[in-house]
Structures are given as structure tokens and as C-alpha cells.
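[1] predicted model and sequence below, questions to follow.
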Amino acid sequence: MEIARHWRLKQQRYGLVGEVCPHCDYKIFPPRDVCPNCGDEAKTQYAFSGKGEVFSFTTIYEAPTGYDANAPYTVAIVKLDEGPMVTAQLTDLGDQPIEIGMPVEMVTRKMRNDGDERGIIVYGYKFRPFGFVPQR
Amino acid sequence: MTDIVIAGIGQTEVGEHWELSLRELAYRAIKAATIDGGGLKPQALFVGNMLALNLSNQAHLGALLADYAGLPGIEAVSVEAAGASGAAALRQGYLAIASGMVDVALVVGVEKFTDKVGPDVEAAVATAADSDYEAMQGLTATAQAAIIMRRYMYEYSVPANGFAGFAITAHANGAGNPYAMFRKAIKPEAYARAEMVSEPVNMFDAAPNADGAAALLLTRRDLLPKSYPHPLVRIAGLGAATDTLALHDRHDPLWFQSAQLSTERALKKAGIQLDQLNFFEYHDVFSIYAALALEAAGFAERGQGWSLAANGAISLKGRIPCATLGGLKARGFPGGASGVYQAVEAALQLRGSAGANQIVGARYGLIQSLGGPASTAVSAILEKVD
């Protein structure tokens, strides 16, 4: 149970909200207090479009506690269109083969259970192939 | 300043020690190093450990091990830098002696993986990554290495089985190390048909988590007893550096900046050039990390680290022998103890006590320990003193 921690990260998890540096216009995700580009303070909020491409990826079979019920699953580093990279699971893949450079978009999904059946369900961002059409 | 020497070395066999606890493992290594060091008495203990808090529910290892090892009252603290914890503890021991405040420092690296198994171990190891933005996505250490390896193979057009040489070399060398977890050479066909752990990382691209402890007694050269029985090994240079904790925060995830910086700092302190090194104990927890370490140190061009393994340059008789007593791959990966094992193994080489794996005439050895994907790097150059 880490309710305050999950609540604190809700903007990042649900809205992909990072920062834009007011000094050099560098886009930052995840947010940090010091711009990695120019070294000045950066605290201006910036919502990312959620569009990007797969930089690299792999599949996890031996998963950590809290994730093992969902294994195997695919995790990637996604390069967002605005520049930064983010680690995220890929979802809604179906039979589609994944490739480096594949365009993807952010969706909100269940991330894990917290080991307590009466506890909260943690949601967050995952990425799916861009232009995904749900099967009816 | 007088030379800082490694006066005593000790290690336990690396493996699954179901019958031994964290403290018993540590004590065995401490006892061996104390005997080897000819009776030097430490005033300070630096413990390198990564996972005891998660896997054994045990913090406060300094007091625990000083007490258990029969060193009541001495100063003791633990140092944590993920997989580089042991090397970071060595760094602290070195600084303590260099400062003049401590005459004899005991450094012990210890890891006890097998108090838990399966998903709990994966979760514990994942605490070394960014909890909010990496571990939260279910990322594991192996998956992180796989992501780097896939991109590396894509960018540099590495052939399938291009990394085989790392495991083949490590296992060939492990056969000559009585403390190694795996002491059997493997054939290229075994690598080629190995099961995938997280593609493209196969079973032979990942070092096995294992229990183990290793210890060092450090002191100033002028404090050694007259009857000191071993050829002398000094710490000629030591450098530590960091990079972003999260892999995705790097502009270039295929370059181990901290490994480059720490190697450069260690070489500068030692006052030698890269080509004077006789061997390199790298942090081959994954074969891709060995390739990137070779590139970061300057032994290979970018994108060519894997070819040193493929063409035999890292074998015992090659241009730059690596993992000379099995490395993390065949000796085993005792987590935060790894860096201390590397120092023990380098000292054995420089003393001329490496048995069948001896590198004849070795004078300088580079050891390098990484935390995560080189978010921390500690590099040390050990030298045989005439």
C-alpha cells in the first residue's frame, strides 16, 4: 500500500505530464527539477502528445512480484515525438510483430496489483501500435 | 603518500549456499582475508551489499558483521551502489586509509540471494532501477540489458551469436577457478541453442545470481609486518563515476559514460596508459555490458566490443584477457559482492597465484564494477609492486 505515492504521480501516470524548460525550451519527461539540457531550473508543466516510436523492446517471462500474474509481457523504451524517451509496456499487440521504429501511442491501463486484494489498483501509461482499431 | 596495498584477500565459493546465512558467508571471507593478511587488525569495516534489506530483511550490516566477526567496537558501515556496492566499499576503504585516519581497513562484499526465490528476487533487483518510472512498468534488470542489446545489434548489424565469445571465454576460465559457480567450458553450439531469457538475451548472456562473500584487508605499505608472506599488490588508481539512474534518461543508451569516466580517472591516478594493462576484470553481468565496457575503456571502437570476444582478444592468451577467473558469468554474480571478488581475483593474478589461469608477467590489472546499466561505475587499477 503506497497510496500517497501513487496519488502524487497521477499527472504523470494518467496524463504524461512532464515539463518544458523555460530557459531552453527542452521537453522533459519524467519531470525533474533541473533541466538536463541547460542545467537551469525547469518547473513549467507540459503535457506530451503521447505519440512516439519504439526505440527498443523485449519480453519479460520472469517478472517481479506484483507483475508475475501478467507475464509474459513486452516492455519497451519509447522515444516520444517531443524528444524524451520513456520506459513503458506495450499492449494491444495481437499478432502484430514489434519492430524498432514502430509508431506507438499512449493508453491508460492497469499496471499491477499491490499484493492486497482489498487494496487499490494501480493504473498508468502503456503504449499500443499507432492507429490501433479495437476488435469487436 | 605511501602506497595503499591489498594485504589480505579471502573469498567463499560462489553458489547457492542454502545452509549459510548472510553473516556466516561474510565471516568466512573475513576470516580468510585476516589469515591471508598475516594478522593485521582492522580499525574500520566497510561492507558492500545490495539486497540484504529486501532479501533478508536485514539493514545495519556494519554493526552486524563487526559483531559477528569478533571485531567488537570497530567503526563499521555499509555502502550501497547496486551491483557496484562492493567496489564502492573498496573505494571507501581506500579513501579512509588515504586520509590518514585509518591504518587498516577491512572491506567485505556479501550477497545472500537465496533467502528468497523467483518474483521476490526480481522485485528486489529492480529496486536498483528508477522505482517510479522503470520498476513501475514491470521492468527487470535482464529486460533492461535486453533492450540495450537489441538496439546495439540493430545499430551495429551484429550477427546472431555475435556475443557468444563472452560466455565461451568466461566458462573456459571458470574451469580453472575453484571458487567459481560454473567450472565447465561450453561449446559454441551450447550458446547457439540456449533458451532465451528476454530476447535477445539468452541464458548464456546473463550471469547467474548467487550467494557469496569476499574480503580485503587494506593498509599502508609501511605498516606491513616484516614477515609479510605475499608478493605485494597495491592500488595504483581508483575512479568512481555515475550516469543517469534511468536508462531512458540517457541521450545515448548505447554508451557507458560512467565506465569511461571511471576508467579515465583510475588510469590518470595510476599514471599509466590503457595499453599497459595486462588484464581486465569487467562487469559481465550481461554480455552486452561486457561489450560496452570494452568500448568505454577504449579497448574497442564503438560497435566493435563484441568482436573482441568473437576473435579471441579477451581470452587468456589474447590482447586483453578478460574475466580471467570466470568473470560474473562463470564465477557467478554475487550482487554487491562482485567488485570485491574482482579485486581478490586481480590480486591472485598479480601475486602469481592464479594457477592454470595465470597471466604470465602480469603487472597491471583493471577491475570495473557496475551498478545497474552503468548508472554507477567504479574502476580500479591494481599493480604488482617489486
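    Structure's in. What do you need? Keep in mind that this is a model prediction, so the values were computed, not measured.

[2] which residues of the chain fall in strands?
    Went with chain A since none was named. A:17-20, A:27-28, A:44-47, A:51-60, A:73-80, A:85-90, A:103-113, A:121-129 (DSSP state E).

[3] that was the other one, I meant chain B.
    Under DSSP E, chain B gives strands at B:4-11, B:44-48, B:75-79, B:104-111, B:196-198, B:201-202, B:212-220, B:232-242, B:279-281, B:364-371, B:376-385.

[4] show me what the last one is packed up against.
    Okay, so that is strand B:376-385. helix B:85-98, strand B:232-242, helix B:257-270, helix B:338-351, strand B:364-371 (3 or more C-beta pairs under 8 Å, 6 or more residues apart in numbering or on different chains; DSSP states H and E). C-betas here are computed from N, CA, C, even on glycine.

[5] got the angle for it vs strand B:232-242?
    Using axes from the mean of the first three to the mean of the last three C-alpha atoms, to 10 degrees, one finds that strand B:376-385 and strand B:232-242 are set 160 degrees apart in direction.

[6] can you count the residues close to the residue nearest to A:Lys27 when sequence neighbours are not counted?
    The spatially closest residue to A:Lys27, leaving aside those adjacent along the chain, is A:Glu82, at 4.2 Å (C-beta to C-beta, 6 or more residues apart in numbering or on different chains). Counted with other C-beta atoms under 10 Å in any protein chain shown, the neighbours of A:Glu82 add up to 19.

[7] now render the strands of chain B as CSV, adding mean pLDDT.
    Formatted as CSV, these follow (pLDDT from 0 to 100):
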stretch, mean pLDDT
strand B:4-11, 98
strand B:44-48, 98
strand B:75-79, 98
strand B:104-111, 98
strand B:196-198, 97
strand B:201-202, 98
strand B:212-220, 98
strand B:232-242, 98
strand B:279-281, 98
strand B:364-371, 98
strand B:376-385, 98
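
[8] just send these back as a markdown table, with mean neighbour count too.
    Shown next, in a markdown table, are these (neighbours: other C-beta atoms under 10 Å in any protein chain shown):
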| stretch | mean neighbour count |
| --- | --- |
| strand B:4-11 | 26 |
| strand B:44-48 | 29 |
| strand B:75-79 | 20 |
| strand B:104-111 | 31 |
| strand B:196-198 | 22 |
| strand B:201-202 | 23 |
| strand B:212-220 | 29 |
| strand B:232-242 | 21 |
| strand B:279-281 | 27 |
| strand B:364-371 | 29 |
| strand B:376-385 | 26 |
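
[9] next, format those strands as a markdown table and append distance to B:Gly305.
    Formatted as a markdown table, these follow (distance: least, C-beta to C-beta, whole Å):
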| stretch | distance to B:Gly305 |
| --- | --- |
| strand B:4-11 | 28 |
| strand B:44-48 | 26 |
| strand B:75-79 | 29 |
| strand B:104-111 | 26 |
| strand B:196-198 | 20 |
| strand B:201-202 | 16 |
| strand B:212-220 | 26 |
| strand B:232-242 | 19 |
| strand B:279-281 | 12 |
| strand B:364-371 | 13 |
| strand B:376-385 | 15 |
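
[10] quick check: residues of chain A near chain B?
    Within chain A, the positions adjacent to chain B are A:5, A:9, A:12, A:30, A:36, A:55-68, A:70, A:73, A:75-77, A:84-89, A:100, A:111-112, A:122, A:124 by C-beta under 8 Å from any C-beta of the partner chain.

[11] filter the residues you listed to the buried ones?
    Among the residues of chain A next to chain B, those classed as buried by 16 or more other C-beta atoms under 10 Å in any protein chain shown are A:9, A:12, A:30, A:55-68, A:73, A:75-77, A:84-89, A:111-112, A:122, A:124.

[12] wait, which of the strands of chain A is closest to B:Ala164?
    strand A:51-60 (19.0 Å; C-beta to C-beta).

[13] what lines up beside that closest one in the sheet?
    The strands beside strand A:51-60 in its sheet (DSSP bridges) come out as strand A:73-80 (antiparallel), strand A:103-113 (antiparallel).

[14] now do residue 131, the pLDDT please.
    Picking chain A for this. Here, the pLDDT recorded for A:Gly131 equals 84.

[15] you answered for a different chain; I wanted chain B.
    Note on B:Ser131: pLDDT of 96.

[16] how far does stretch B:134-151 sit from its chain's centre?
    How far stretch B:134-151 lies from its chain's middle: 21 Å, per C-alpha atoms, centre = their mean, to the nearest Å.
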